[in-house]
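1. Can you look at this prediction? I've put the sequence above it.
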Amino acid sequence: MKNIIFLVIVGLLVVGCGSLISIGDSNTNTLNNESKKDK
């Protein structure tokens with residue numbers, strides 16, 4: 001049972017980190033696009 005709980009926690013952490021990274025990438029992309037428009 002402990003192994004199953006451990007796997008679930010690791011899975012959630014991986015998904016959470018992945019979503020945070022993707023959100024950060026989209027934010028930087030929008031910032032880069034806006035700066036290019038200003039130029």
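-> Thanks, I have the structure now.
2. Now do the helices in the chain.
-> Listed in chain order, the helices of the chain (DSSP state H) span 2-38.
3. Run through this structure and note the low-pLDDT ranges.
-> Scanning the chain for pLDDT under 70 picks out 24, 30-39.
4. now do 80
-> For the chain, the stretches flagged by pLDDT under 80 are 1, 17-39.
5. in stretch 7-21, what's buried?
-> Residues of stretch 7-21 include none that count as buried (16 or more other Cβ atoms under 10 Å). All C-beta spots, glycine's among them, are computed from the backbone N, C-alpha and C.
6. Pull the distance from it to the chain's centre.
-> 9 Å (Cα atoms, centre = their mean, to the nearest Å).
7. Convert it to CSV, retaining C-alpha atoms only.
-> Provided in CSV are the C-alpha atoms of stretch 7-21 (Å, rounded to 0.1, in the frame of the first residue of the first chain):
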residue,chain,number,x,y,z
LEU,A,7,3.6,6.5,-6.7
VAL,A,8,0.5,8.7,-6.5
ILE,A,9,2.3,11.5,-4.7
VAL,A,10,5.2,11.4,-7.2
GLY,A,11,2.7,11.4,-10.1
LEU,A,12,1.0,14.5,-8.7
LEU,A,13,4.3,16.3,-8.2
VAL,A,14,5.4,15.5,-11.7
VAL,A,15,2.1,16.8,-13.1
GLY,A,16,2.2,19.9,-10.9
CYS,A,17,5.7,20.7,-11.9
GLY,A,18,4.9,20.1,-15.6
SER,A,19,1.9,22.5,-15.5
LEU,A,20,3.9,25.1,-13.7
ILE,A,21,6.7,24.9,-16.3
